[in-house]
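Trainee: Sequence first, predicted coordinates after that:
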Protein chains: 2
Amino acid sequence: METMRWENDTLVLLDQTRLPARVEYIHCKDHHQVAEAIRNLRVRGAPAIGVAAAYGLVLGLGGKEFASRGELLARAKEIARELQLTRPTAVNLSWALERMLRRLENTPGDPAFLSRALLEEAHAIYREDIETNRAIGTYGRELIPPGARVLTHCNAGALATAGYGTALGVIRAAVAAGKEVSVFADETRPLLQGARLTAWEMLQEKIPVTLITDNMAASLMARGGVDLVMVGADRIAANGDVANKIGTYGLAVLAKEHGLPFYVAAPLSTVDFSLAEGKDIPIEERDPAEVTHLAGQPVAAPGVRVWNPAFDVTPAGLVTAIITERGVARPPYRESLARLKSVVGRQPPDVGNHPA
Amino acid sequence: METMRWENDTLVLLDQTRLPARVEYIHCKDHHQVAEAIRNLRVRGAPAIGVAAAYGLVLGLGGKEFASRGELLARAKEIARELQLTRPTAVNLSWALERMLRRLENTPGDPAFLSRALLEEAHAIYREDIETNRAIGTYGRELIPPGARVLTHCNAGALATAGYGTALGVIRAAVAAGKEVSVFADETRPLLQGARLTAWEMLQEKIPVTLITDNMAASLMARGGVDLVMVGADRIAANGDVANKIGTYGLAVLAKEHGLPFYVAAPLSTVDFSLAEGKDIPIEERDPAEVTHLAGQPVAAPGVRVWNPAFDVTPAGLVTAIITERGVARPPYRESLARLKSVVGRQPPDVGNHPA
């Protein structure tokens, strides 16, 4: 099952709003279709929407004639802006689009050559995302004790990335290394990515998974049913504050209360070094109908007011470690994340001060 | 809107599984129908199922000829057992049935007279429940600061009782006393009693209410959007540990983390003085389909294993106060609850040591 693929000048996206009931692909032939797919969560997950947006930029420029480099560059910036405005929180979207624009600016040649270079760059972002996730898995699996019962939230799996996944990639890597791991998946209201996507991915891989509603996590921890929490991220500030799917912050508080490690698995492209702290991360608020309706049916008292933030921010102080493709960052994160950013290639698994 | 009423030798129950889409009443003519309604949550909420079970016992004995008191008493015990087995956690069920059986045993007379006495007792339990809730409201409203933003979970309203409600009764009483109060209602998965019932009750009373998913409560608190948490209870151990709808314990942890008061509003009939601690409270686990399906539609990956406890236990140490019809109990609860039980009539509003 592929989250997306490039085929005949078309971005073919698995429509995740239809999962698990139906496995349907949508064929995006222009960037408006890609923007629609991102906005409506047909493709979701910070790394995946970065990759999709990169291909969206290719599609936006495709089949057009440009009189000059300047004309093409100006149009590319317009398209990138449209794609970037689809969702505000995940930084991978702007990270991927900026990388694409930089490639354009740094590549000499005529417009036709630039378009080919742009497609190469999108392919590179796609490939690197999978490699990145495998590296995250390699570092992260060391943190998973044999027999671990891992609680995860939302979907930070293959479906949230070009492939393999971040938080679920760590679990995959631990299982591949021969460890017994079982997963508890928060269903993750309102859009049920845990129930629909994480449970589905784990069932496909035959990794034992138990579904709970979000409000059961505390009781499960109190009974000693969880050994660690592992989640993904949509944006990480330079100090290690983590924006992720709504409900993540509550889990982090509960993990602290029960003395459990709380791990975040994310590529360095999710770290926004331009933001000092999490309070500056924009939090998307979405349509109240996501809460009041399910599969088109009303599930709440008609006319009730709704607050529907899609993400929350977990303070760095609640995060035990951040697992990246270049190693595991430990507090203080301002230093450990910056060190991982500045180096090239793989690092020893752990960077930073170890609290234990 | 009445939760239930007695009419023409029939218990007429509002079918809460249909709310808010439809306001439908079911007409119970025997105790099997009442047991079905309790088991399937057509009537729910600890006080309400106690009252319904009392009427169920009346229905079970109604229209029968008994040769002797002994025969009637034996049959009454059989019926009470069937009603009590419907749901294990709420203690009000056994409290009401034991009270009914005690009335039978203590009333002299022939079987026909006993049946009339039993109906009187059920009416008394019904009436007293509403009076109790009004008294809880009178004590509890003192704990609500003007302008308070109150977070509540599940439905501890008129629909969970014979009328007026416990946690929502306190809010009603505060509003009736002229205080501005606004409510945040957790939707309360899996069965959405917050979205369907609490939101609906508050909208009917024109008390401002905002619906959130359960996993948004933490973020709302972190933003300073909540002043206090107010919930009901299904069973309270002698030491003040509180069993209530799944998710309550997590809210209590979050309230502590954010320095917010966490109040429980419940009648003394919810306190099980025979249980020393909350760990001895039986926790009902319900059908996985409650989590995997919604309105008959699948919402999760097919075949996923589910853990679906209906309640959790909040340790007394996380409970700021327990509001009863005889006053407000403060820690240590073993002493303060026992003192409230032992006295007759109203007490000064606060009993026990004040932590502040």
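Mentor: Perfect, thanks for sending it.
Trainee: ranges for the strands of the stretch 151-300 of chain A?
Mentor: A:182-186, A:209-212, A:228-231, A:235-237, A:242-245, A:262-265, A:271-272, A:293-294, A:297-298 (DSSP state E, counting those that start in this stretch).
Trainee: Kindly reformat the ones you listed as JSON lines and extend each row with mean pLDDT, mean neighbour count and distance to A:Val253.
Mentor: For glycine as for every other residue, the C-beta is placed from the backbone atoms N, C-alpha and C. Shown next, in JSON lines, are the strands of the stretch 151-300 of chain A (pLDDT from 0 to 100; neighbours: other Cβ atoms under 10 Å in any protein chain shown; distance: least, Cβ to Cβ, whole Å):
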{"stretch": "strand A:182-186", "mean pLDDT": "98", "mean neighbour count": "26", "distance to A:Val253": "14"}
{"stretch": "strand A:209-212", "mean pLDDT": "98", "mean neighbour count": "24", "distance to A:Val253": "17"}
{"stretch": "strand A:228-231", "mean pLDDT": "98", "mean neighbour count": "24", "distance to A:Val253": "11"}
{"stretch": "strand A:235-237", "mean pLDDT": "98", "mean neighbour count": "29", "distance to A:Val253": "18"}
{"stretch": "strand A:242-245", "mean pLDDT": "98", "mean neighbour count": "30", "distance to A:Val253": "13"}
{"stretch": "strand A:262-265", "mean pLDDT": "98", "mean neighbour count": "26", "distance to A:Val253": "9"}
{"stretch": "strand A:271-272", "mean pLDDT": "98", "mean neighbour count": "23", "distance to A:Val253": "23"}
{"stretch": "strand A:293-294", "mean pLDDT": "92", "mean neighbour count": "17", "distance to A:Val253": "27"}
{"stretch": "strand A:297-298", "mean pLDDT": "90", "mean neighbour count": "14", "distance to A:Val253": "32"}
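Trainee: Figure out which of these is closest to A:Leu72.
Mentor: strand A:271-272 (28.0 Å; Cβ to Cβ).
Trainee: Near the nearest residue to A:Arg39 once chain neighbours are set aside, how many other residues are there?
Mentor: Using Cβ to Cβ, 6 or more residues apart in numbering or on different chains and skipping residues adjacent in sequence, the residue nearest A:Arg39 is A:Thr86, 4.4 Å away. For A:Thr86, the neighbour count with other Cβ atoms under 10 Å in any protein chain shown is 20.
Trainee: before we move on, what about A:Trp307?
Mentor: 17.
Trainee: what do you get for A:Glu187?
Mentor: Around A:Glu187 there are 32 residues (other Cβ under 10 Å).
Trainee: Which residue is most remote from the mean position of chain A?
Mentor: Most distant residue from the mean C-alpha position of chain A: A:Ala67, 37.4 Å away (Cα atoms, centre = their mean).
Trainee: Could you pull up the residues touching the closest residue to that residue other than its chain neighbours?
Mentor: Leaving aside its chain neighbours, A:Ala67 sits nearest to A:Pro111 (8.0 Å; criterion: Cβ to Cβ, 6+ apart). Going by Cβ atoms under 8 Å, 6 or more residues apart in numbering or on different chains, A:Pro111 touches A:Glu65, A:Phe66, A:Ala67, A:Ser68, A:Arg69, A:Glu71, A:Leu72.
Trainee: Tell me the confidence at A:Pro111?
Mentor: You'll see A:Pro111 listed with a pLDDT of 91.
Trainee: element containing the residue nearest to A:Gly163 when sequence neighbours are not counted?
Mentor: Of all residues not flanking A:Gly163 in the chain, A:Ile130 sits nearest, at 4.4 Å (Cβ to Cβ, 6+ apart). Assigned by DSSP states H and E, A:Ile130 falls within helix A:111-140.
Trainee: Return the per-residue confidence for the residue nearest the centre of chain A.
Mentor: Centroid-nearest residue in chain A: A:Ala46, 3.0 Å away (criterion: Cα atoms, centre = their mean). With respect to pLDDT, A:Ala46 has a value of 96.
Trainee: How far off centre is the helix holding A:Ile130?
Mentor: Taking the mean of its C-alpha atoms, helix A:111-140 sits 15 Å from the chain's own mean (Cα atoms, centre = their mean, to the nearest Å).
Trainee: in that helix, what's buried?
Mentor: A:111, A:114-115, A:117-119, A:121-122, A:125-126, A:128-130, A:132-140 (16 or more other Cβ atoms under 10 Å in any protein chain shown).
Trainee: quick one on the thing from earlier: JSON lines for the strands of the stretch 151-300 of chain A, including distance to chain B?
Mentor: Converted to JSON lines, the strands of the stretch 151-300 of chain A look like this (distance: least, Cβ to the nearest Cβ, whole Å):
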{"stretch": "strand A:182-186", "distance to chain B": "7"}
{"stretch": "strand A:209-212", "distance to chain B": "5"}
{"stretch": "strand A:228-231", "distance to chain B": "12"}
{"stretch": "strand A:235-237", "distance to chain B": "15"}
{"stretch": "strand A:242-245", "distance to chain B": "8"}
{"stretch": "strand A:262-265", "distance to chain B": "13"}
{"stretch": "strand A:271-272", "distance to chain B": "19"}
{"stretch": "strand A:293-294", "distance to chain B": "5"}
{"stretch": "strand A:297-298", "distance to chain B": "5"}
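Trainee: Contacts for stretch A:57-75 next, please.
Mentor: For stretch A:57-75, using Cβ under 8 Å, 6+ apart, the contacting residues are A:9-11, A:28-31, A:33-34, A:76, A:79-80, A:82-83, A:97, A:100-101, A:104-105, A:110-111, A:114-115, A:118-119, A:122.
Trainee: Can you get me the start-to-end distance on it?
Mentor: Taking Cα to Cα, to the nearest Å, stretch A:57-75 runs 10 Å from one end to the other.
Trainee: Domain ranges for chain A, per the record?
Mentor: Domain segmentation of chain A under automatic domain parsing yields A:4-133, A:139-353.
Trainee: Strands along the stretch 1-150 of chain A, start to end?
Mentor: A:4-7, A:10-14, A:25-28, A:149-152.
Trainee: where does the first one sit relative to the chain's centre, distance-wise?
Mentor: If I follow you right, that is strand A:4-7. So, by Cα atoms, centre = their mean, the centroid of strand A:4-7 is 19 Å from its chain's centroid.
Trainee: The longest one too?
Mentor: Here strand A:10-14 is found 18 Å from its chain centre; the criterion is Cα atoms, centre = their mean.
Trainee: For the residue nearest to A:Gly163, give me its contacts.
Mentor: A:Thr161, A:Ala162, A:Gly163, A:Tyr164.
Trainee: Name the nearest residue to the last one, ignoring sequence neighbours.
Mentor: I take that to be A:Tyr164. A:Asn133 (4.0 Å).
Trainee: Any of the contacts of A:Pro111 buried? List them.
Mentor: A:Phe66, A:Arg69, A:Leu72.
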